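*Asks:* Sharing a model that was predicted from the sequence below.
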Amino acid sequence: MWANTMQPWRMVRTVGTAAAANRRVMQLARRADGLTGQPGPAPRTRFNGPISGHRSLDGIMLDLNDVRAIRTLSPGCTINDVFLALVGGALRDYLMDKAELPAESLTAMCPIAVREEGERSTSGNSVAAMMVALRTDIADAATRLREVHDGTKAAKELANAIGTKAMTEMSGAIPAALASLAGRLAATLAIANERRSPPYNTVVTNVPGPQVPLYMDGARAVSIYGFGMIHDNMGLMNVVNSYCGRIAVSAASCRDMLPDPAFYAECLRRSFDQLRAAAATG
């Protein structure tokens with residue numbers, strides 16, 4: 001708040017940027033296909049509640065070439081799309097086994113880099129959130145991947161309409177303490193009110209790793225797994241991490257929400273096998 005007081009023109013510029021971004025979003029929405037593919041309200045699942053202090057962890061290892069082959073199922077599909085469809089299939093199987101699969105698709109929050117071209121060499125991170133439907137409502141793996149790709153394409157169009165500068169300036173204008181308090185309050189209210197949709201069900205994040213071997217005191221790192229933070233109202237974090245031509249897909253959760261992480265890892269493997277089989281046949 002003090003920074004905004006000392007730099008009033010910064011706040012004025014931020015408001016102007018936000019207004020311009022709003023006009024671009026409204027123009028996009030008026031197009032016939034403007035915002036199709038955007039996820040609807042996220043359904044409530046076992047992962048959307050208060051977390052405990054206990055954690056469960058597991059993951060699987062994949063070959064990068066297999067992931068690249070799966071991309072051929074949908075023109076323009078990215079590696080990130082493959083992993084979103086993979087997690088969608090795993091969550092579908094896992095929740096079906098618990099007799100808890102909602103009719104509506106689960107939604108994932110995906111952190112995306114929004115650094116502009118002229119900022120590539122600067123330090124620090126510029127990250128925004130992209131919401132994507134995981135299409136857990138679709139049984140066929142190939143169809144799920146195509147629908148996920150349509151969703152990420154629409155989300156990227158929306159992000160481009162808002163603009164990277166608008167996203168970073170608006171977040172930077174909010175005092176850190178106020179943003180933290182608002183986040184905790186929103187999570188608490190969403191948990192307390194079961195009729196309120198959570199903002200998203202899980203996080204899926206891709207963290208590119210080194211493609212050359214790493215060593216410590218002469219010992220080579222065999223595999224690298226990534227595990228992220230969970231919080232109240234979002235108790236499942238899926239992290240994708242690449243290293244030397246192999247990719248780890250790992251999950252961190254609350255032990256009360258995911259008491260059987262090995263079974264979830266099995267669901268991840270089965271979902272990947274379905275995507276790989278679909279790519280092989282077609």
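*Replies:* Sure, I can see it.

*Asks:* what about residue 275, distance to residue 90?
*Replies:* Separation of residue 275 from residue 90 (C-beta to C-beta, to the nearest Å) stands at 11 Å. Any C-beta I mention is one placed from the backbone N, CA and C, and that applies to glycine too.

*Asks:* go on, residue 45?
*Replies:* 13 Å.

*Asks:* Name the residue in those two with the higher neighbour count.
*Replies:* More crowded of residue 45 and residue 90, by other C-beta atoms under 10 Å: residue 90, with 25 against 22.

*Asks:* Go ahead and confirm that one touches residue 267.
*Replies:* Yes - using C-beta atoms under 8 Å, residue 90 makes contact with residue 267 at a distance of 4.0 Å.

*Asks:* how about the helices in the stretch 101-250 of the chain?
*Replies:* 141-162, 164-172, 176-192 (DSSP state H, counting those that start in this stretch).

*Asks:* quick one: average confidence on the first one?
*Replies:* Yep, that's helix 141-162 we're talking about. For helix 141-162, mean pLDDT rounds to 82.

*Asks:* got the CA positions of that helix in PDB?
*Replies:* Extracted in PDB, the C-alpha atoms of helix 141-162 (Å, rounded to 0.1, in the frame of the first residue of the first chain):
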ATOM      1  CA  ALA A 141      -8.200 -40.700 -24.100                       C
ATOM      2  CA  ALA A 142      -7.700 -39.300 -27.600                       C
ATOM      3  CA  THR A 143     -11.000 -37.300 -27.400                       C
ATOM      4  CA  ARG A 144      -9.900 -36.000 -24.000                       C
ATOM      5  CA  LEU A 145      -6.600 -34.800 -25.400                       C
ATOM      6  CA  ARG A 146      -8.300 -32.900 -28.300                       C
ATOM      7  CA  GLU A 147     -10.700 -31.200 -25.900                       C
ATOM      8  CA  VAL A 148      -7.900 -30.300 -23.500                       C
ATOM      9  CA  HIS A 149      -6.000 -28.800 -26.400                       C
ATOM     10  CA  ASP A 150      -9.100 -26.700 -27.500                       C
ATOM     11  CA  GLY A 151      -9.300 -25.500 -23.900                       C
ATOM     12  CA  THR A 152      -5.700 -24.400 -23.600                       C
ATOM     13  CA  LYS A 153      -5.900 -22.700 -26.900                       C
ATOM     14  CA  ALA A 154      -8.900 -20.700 -25.700                       C
ATOM     15  CA  ALA A 155      -7.200 -19.900 -22.400                       C
ATOM     16  CA  LYS A 156      -4.100 -18.600 -24.200                       C
ATOM     17  CA  GLU A 157      -6.300 -16.400 -26.400                       C
ATOM     18  CA  LEU A 158      -7.900 -15.000 -23.200                       C
ATOM     19  CA  ALA A 159      -4.400 -14.400 -21.700                       C
ATOM     20  CA  ASN A 160      -3.300 -12.700 -24.900                       C
ATOM     21  CA  ALA A 161      -6.400 -10.500 -24.800                       C
ATOM     22  CA  ILE A 162      -5.700  -9.400 -21.200                       C
END
